[in-house]
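**Student:** Sequence and predicted structure are below.
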Amino acid sequence: SAAALVAASLLGSADHFTTSWEARCDRSCAASSRPKRGRSMRVRSGVLCPLLAVGSMAMAQAPKPKGDAIFDSIERMQARIGRPWGRFLDAGTGRHSLHWISTIETEAWTAVTAAQEMAVQSRDSVRGAMREQDRVVVGNWDDDTFLEGETFDVILADYLIGAMDGFSPYKQDLIFERLQRHLAEDGILYIVGLEPIPDSGAGAADVICEVRRMRDAMILLAGHRCYREYPIEWIYRQCRRSGFEVMESLKFPILYSRASITRQLDVGRRKLPLIRSRHGAATALALSQACDALQHRIDDATNFSKVSPSGVTADTRIRFGFDYVMVCQRSGRRGKDAEDVVKDAEDV
């Protein structure tokens, strides 16, 4: 069937090590000193939730994988849709996304960041691949005149909505209409996000939830804002309310390694000097000891201290949660009901 062919084309190279549940160190949308999340060492394998499957799309030749499961899937979606990349907008750029954009055949690209430092780093990351018509611009989507009158054939919102609470809180619902103003009539919007980590998990996965709580608590005690991810069904509702039609969505189950979980704990640890100055040495010491105890839990959950028969230290990966890609266009075709998208998310 057409749907089966679509699924097969997207699942080609399912497992890639990519980075996503990391401090946003190379994706700058935040004007604060908190880093924006980059991509951590996690395996992500694609699971298709087809919301629109057209035979001619499914028969399109899939582009050669480049090593990032999410960006590879976006290239396959665009190939099936059968439209050129044209003018491309990276609405919240960083080194990782910009490196990928520089490898696809765009007419021109515009990459947006709120931080001057990230603009410099982003330009440096694609030095030699940046053409005269390409640009990295510093701006904020809160500014109504930013990029006024400009439209793009493809817009990428790569973990942008989850980052907004760190630099533009309480306006996440407005970004959809804001981006629509810059999307060409037949343009495509790709939204990449992370399903929020719940308060608790079954078995070994619970340590991931505990690390998230500890990390966020330390961020808040340091006087910084946490990022806030949104579930796939919330994104779907906002897209529909803002005049978008969801064409399809794709989910990437996550396998957490000891290293990726520990990096999140380290995000909290790096706040200890600020916590000490704001709340005193005793509070900072207690939190440091709590982090050490949590590290032991991480090691136990991932079997890090155990040695395999081959003599190599074991490192069990924990499957928990998922990232997602949603592809949208302006309303005009019949989409799937919101309840179906919610069901798809629960089926992963």
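**Tutor:** Perfect, I can see it now.
**Student:** Low-confidence stretches in the stretch 201-348 of the chain?
**Tutor:** Where the stretch 201-348 of the chain drops to pLDDT under 70, the residues are 307-314, 332-348.
**Student:** could you redo the last one with a cut-off of 80?
**Tutor:** The stretch 201-348 of the chain contains residues with pLDDT under 80 at 305-315, 332-348.
**Student:** hey, where'd the strands end up in it?
**Tutor:** With DSSP state E, counting those that start in this stretch as the criterion, the stretch 201-348 of the chain has strands at 244-256, 318-330.
**Student:** how about CSV for those, with mean neighbour count and distance to Val192 added?
**Tutor:** All C-beta atoms are positioned from the backbone trio N, CA, C, and that covers glycine. Compiled in CSV, the strands of the stretch 201-348 of the chain are given as follows (neighbours: other Cβ atoms under 10 Å; distance: least, Cβ to Cβ, whole Å):
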stretch, mean neighbour count, distance to Val192
strand 244-256, 23, 10
strand 318-330, 23, 5
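**Student:** closest to Tyr230 out of the ones you listed?
**Tutor:** strand 318-330 (10.2 Å; Cβ to Cβ).
**Student:** by contact count, what packs against the closest one?
**Tutor:** helix 69-81, strand 183-194, helix 206-221, helix 232-241, strand 244-256 (3 or more Cβ pairs under 8 Å, 6 or more residues apart in numbering; DSSP states H and E).
**Student:** Distance to Glu105 added to those, as CSV?
**Tutor:** Output for the helices and strands packed on strand 318-330, formatted as CSV (distance: least, Cβ to Cβ, whole Å):
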stretch, distance to Glu105
helix 69-81, 10
strand 183-194, 15
helix 206-221, 38
helix 232-241, 27
strand 244-256, 21
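**Student:** closest one to Gly268 among these?
**Tutor:** Here helix 206-221 is closest among these (Cβ to Cβ), at 3.6 Å.
**Student:** residue ranges for the strands of the stretch 1-150 of the chain, please.
**Tutor:** Counting by DSSP E, counting those that start in this stretch, the strands of the stretch 1-150 of the chain are 16-18, 42-44, 47-49, 87-90, 108-113, 135-138.
**Student:** Mean pLDDT lowest where, among those?
**Tutor:** The minimum mean pLDDT among the strands of the stretch 1-150 of the chain belongs to strand 16-18 (a mean of 28).
**Student:** before we move on, back to that, right, and the strands of the stretch 201-348 of the chain - which one's nearest Thr103?
**Tutor:** strand 318-330 (17.6 Å).
**Student:** Distance from the chain centre to the closest one, please.
**Tutor:** 8 Å (Cα atoms, centre = their mean, to the nearest Å).
**Student:** Partner strands of that strand, with direction?
**Tutor:** strand 183-194 (antiparallel), strand 244-256 (antiparallel) (DSSP bridges).
**Student:** Let me see the domain layout of the protein.
**Tutor:** 2-195+231-257+317-347, 199-227+258-314 (automatic domain parsing).
**Student:** Buried deepest among the ones you listed, which one?
**Tutor:** Mean neighbour count (mean count of other Cβ atoms under 10 Å) peaks for domain 2-195+231-257+317-347 among the domains of the chain, with a mean of 19.
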